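Q: Below are the sequence and a predicted model; questions follow.
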Amino acid sequence: MVLKIHNDLTRITEEFTPLFPGKVGMYVCGITPYDETHLGHGRAYVVFDTIRRYLEYSGYEVKHIQNFTDVDDKIIARSRELGVGSKDIAEKNISSYFEVMEKLNVKKAEVYPKATEHIQEMIDWIKGLIGKGIAYQLEGDVYFEIRKFEGYGKLSGRNIDDLLSGARVEVNDKKRSPLDFALWKTAKEGEPSWDSPWGKGRPGWHIECSAMSTKYLGEQFDIHGGGLDLEFPHHENEIAQTEGLTGKIPWVKYWLHNGFVNIDKQKMSKSLGNFFTLKDIFTKYDPMVIRLFLLMTHYRSPINYSDVEIEGAKEAYSRITQFIENIDFILSKTTESAPEVEIDDINEDLISFKDKFKASMDEDFNSAGAVAAIFEMIKYFRKTLAEGEAEKECLGVMRQAVVEMCGILGLELGAGSRETGTSDDVEKLLIERENARKNKDYKKADEIRKMTAEMGYSIEDTPYGAKLVKL
């Protein structure tokens with residue numbers, strides 16, 4: 001099996017071949033921390049975390065960089081609205097970001113560069129672009145001249161003439177073209193600013209990612225990711241200014257973008273009142289339910305968040321955790337320990353599930369297919385358990401196989417949606433019920449079942465004995 005990736009730059013699915021054997025450089029555009037982290041952010045970072053995890057599982061050493069745009073028009077506007085410093089707003093929301101990402105089990109990037117900590121690098125880049133003749137100063141501002149970059153539009157597939165025909169020309173706009181984008185902006189009163197050769201000001205949005213990605217990953221690297229909304233103009237402009245300065249083409253070998261998140265089939269937005277932060281969602285659902293929900297759709301496809309879909313993901317996650325609990329229950333009923341056995345040593349059926357999982361992930365990180373393979377495997381295991389034919393070593397392998405595959409997807413199974421654990425009184429009732437069943441006193445057995453339900457526990461009968469589960 002060979003890993004294949006859909007490359008948005010070439011618009012085809014290609015065999016993945018990193019620039020350096022065994023090593024992958026990956027840059028993912030991070031948040032602009034002017035507000036709480038929302039579901040759209042959650043999708044992007046779960047997607048690229050899963051991609052990173054699978055690359056690492058496949059034997060690659062991944063260097064993952066993700067930035068914070070901590071100076072921006074939105075942060076400045078929020079600062080004025082709340083009467084709080086821009087830095088304070090950014091730091092608060094960055095801290096909140098890490099909090100919710102930890103709950104989603106998103107691994108930390110190797111470096112989280114902040115725009116405000118790389119101003120000098122950006123100034124050096126802008127000076128270089130001016131020196132190349134592809135950027136120009138206009139009073140205290142500096143702009144990139146897109147007509148000077150021959151390949152503009154190659155990522156998004158847009159034509160400069162078409163873009164120009166639909167461009168809005170601002171009043172008193174002295175730019176050479178309405179499509180030219182800002183590399184440096186003159187400081188306005190009360191805004192954060194830094195000294196530069198063009199006067200006090202701050203960098204434009206696009207230049208930061210070029211400066212920071214190349215600082216930590218070099219002038220060329222393997223994967224650049226982000227949401228589909230960033231493809232144009234942000235990523236298009238990144239390519240123009242980076243390749244325009246360095247002359248290294250392609251700057252990034254593979255471009256990946258995750259699809260949009262819709263709420264009840266409408267675009268998520270504050271104006272529609274359907275904007276959900278991850279903290280809001282976590283008050284209702286286990287973060288692992290949300291992670292599974294996000295992985296049950298291919299990363300390039302749009303995803304629809306609704307009560308029906310999320311409840312389906314909740315039930316699906318419960319099926320996985322309940323299966324693990326059942327295995328643990330059965331293993332607890334035996335005195336001898338289950339030997340460590342690899343899945344490949346058991347039988348061809350189990351190997352086939354692992355192969356289906358890998359085949360899905362190898363086809364452009366198809367997590368939806370990988371999740372389906374996990375459930376197909378659990379169904380097979382449940383049938384084996386129902387028939388009461390599983391040997392001790394096989395039980396251990398069943399558990400190991402499910403945990404391993406879920407782990408590759410970043411799904412933690414330690415805290416299931418159904419809690420186990422019983423009080424002494426309920427345990428005694430369970431023993432009484434077992435004795436009643438042995439004596440064929442089914443009426444008493446049913447009465448005890450009702451009593452345990454009133455105490456908050458259900459009784460599940462398995463081929464390995466009765467099990468108490470907290471309701």
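A: Looks like it arrived, so ask away.
Q: Residues touching the helix or strand hosting residue 93, excluding its own?
A: Assigning secondary structure by DSSP states H and E places residue 93 in helix 86-103. With Cβ atoms under 8 Å, 6 or more residues apart in numbering as the test, helix 86-103 has contacts from 31, 33-37, 41-42, 45, 68, 70-71, 75-76, 78-79, 82, 108, 116, 192, 278-279, 282, 287. Where you see a C-beta, it was placed from the backbone N, CA and C, and this is true even at glycine.
Q: Tell me how many other residues crowd residue 195.
A: By other Cβ atoms under 10 Å, 11 other residues sit near residue 195.
Q: what's the particular helix or strand that has residue 431 in it packed up against?
A: Under the criterion of DSSP H and E, residue 431 resides in helix 424-438. When contacts are defined as 3 or more Cβ pairs under 8 Å, 6 or more residues apart in numbering; DSSP states H and E, helix 424-438 sits against helix 442-454, strand 457-462, strand 465-470.
Q: nearest to residue 297, of the ones you listed?
A: For the helices and strands packed on helix 424-438, distance to residue 297 was read as Cβ to Cβ. The smallest value, 30.1 Å, belongs to strand 465-470.
Q: sorry, back to before: any quick ChimeraX command for the buried ones out of the contacts of helix 86-103?
A: Restricted to buried positions by 16 or more other Cβ atoms under 10 Å, the ChimeraX selection for the contacts of helix 86-103 reads:
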select :31,33,34,35,36,37,41,42,45,68,70,71,75,76,78,79,116,192,278,282,287
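Q: just checking, residue 289 is part of a helix?
A: Yes: Residue 289: assigned to a helix according to DSSP: H, G, I helix; E, B strand; the rest coil.
Q: surely it meets residue 312?
A: No: under the criterion of Cβ atoms under 8 Å, residue 289 is not in contact with residue 312, lying 9.9 Å apart.
Q: Those two: which has the busier surroundings?
A: Using other Cβ under 10 Å as the criterion, residue 289 and residue 312 rank with residue 289 on top: 23 against 15.
Q: Now do that one against residue 319, distance only.
A: Noted for residue 289: a distance of 12 Å to residue 319, by Cβ to Cβ, to the nearest Å.
Q: Buried residues of the helix holding residue 93, list them for me.
A: 86, 89, 90, 93, 94, 96, 97, 100, 101, 103.
Q: The fourth one and residue 281: what is the separation?
A: The reference is to residue 93. 17 Å.
Q: Then the first one?
A: Distance of residue 86 to residue 281, given as Cβ to Cβ: 27 Å.
Q: Identify each of the helices in the stretch 101-250 of the chain and give its residue range.
A: Here the stretch 101-250 of the chain has its helices, by DSSP state H, counting those that start in this stretch, at 119-131, 160-165, 205-217, 236-246.
Q: So for residue 381, which of the ones you listed sits nearest?
A: helix 205-217 (41.9 Å).
Q: So what's the gap between the closest one and the chain middle?
A: Distance of helix 205-217 from the chain centroid (Cα atoms, centre = their mean, to the nearest Å) equals 21 Å.
Q: quick one: that helix to helix 236-246, angle?
A: 60 degrees (axes from the mean of the first three to the mean of the last three Cα atoms, to 10 degrees).
Q: Compute the inter-axis angle for helix 205-217 and helix 119-131.
A: Using the same axes, to 10 degrees: helix 205-217 against helix 119-131 is 110 degrees.
Q: What residues sit buried inside stretch 295-306?
A: 295, 296, 297, 298, 299, 300, 303, 305.
Q: Name the nearest of those residues relative to residue 22.
A: Of the buried residues of stretch 295-306, the one sitting nearest to residue 22 (Cβ to Cβ) turns out to be residue 299, at 23.9 Å.
Q: wait, doesn't the closest one sit right on residue 47?
A: Yes: with contacts counted by Cβ under 8 Å, residue 299 reaches residue 47, the gap being 4.4 Å.
Q: so what sits against both of these two?
A: residue 258.
Q: just checking, residue 154 touches residue 8?
A: No: assessed by Cβ under 8 Å, residue 154 is found out of contact with residue 8, at 10.4 Å.
Q: I'd like to check the angle between the longest helix along the chain and strand 457-462, please.
A: Looking across the chain with DSSP state H, the single longest helix is helix 307-332. Angle, helix 307-332 to strand 457-462, by the same axes, to 10 degrees: 60 degrees.
Q: any idea how far helix 307-332 is from the chain center?
A: For helix 307-332, the distance to the chain centre is 22 Å (Cα atoms, centre = their mean).
Q: Just the buried residues of the helix or strand that it is followed by, please?
A: The C-terminal neighbour of helix 307-332 among helices and strands, as given by DSSP H and E, is helix 348-362. Along helix 348-362, these residues count as buried under the neighbour rule (16+ other Cβ under 10 Å): 350, 353, 354, 356, 357, 358, 360, 361, 362.
Q: so what secondary structure elements neighbour helix 348-362?
A: helix 367-386, helix 392-408.
Q: Mean pLDDT lowest where, among those?
A: When mean pLDDT is averaged over each of these, helix 392-408 scores lowest at a mean of 87.
Q: Give the other helices and strands that that helix contacts.
A: Against helix 392-408 (3+ Cβ pairs under 8 Å, 6+ apart) you get helix 39-57, helix 307-332, helix 348-362, helix 367-386.
Q: helices or strands next to the last one in the packing?
A: Helix 367-386 sits against helix 287-295, helix 307-332, helix 348-362, helix 392-408, with contacts defined as 3+ Cβ pairs under 8 Å, 6+ apart.
Q: ok, now the second one?
A: Based on contacts counted as 3+ Cβ pairs under 8 Å, 6+ apart, the elements that helix 307-332 packs against are helix 287-295, helix 367-386, helix 392-408, strand 457-462, strand 465-470.
Q: most tightly surrounded among the ones you listed?
A: helix 287-295 (a mean of 24; mean count of other Cβ atoms under 10 Å).
Q: Let me see the mean pLDDT of that one.
A: Averaged over helix 287-295, pLDDT sits at 98.
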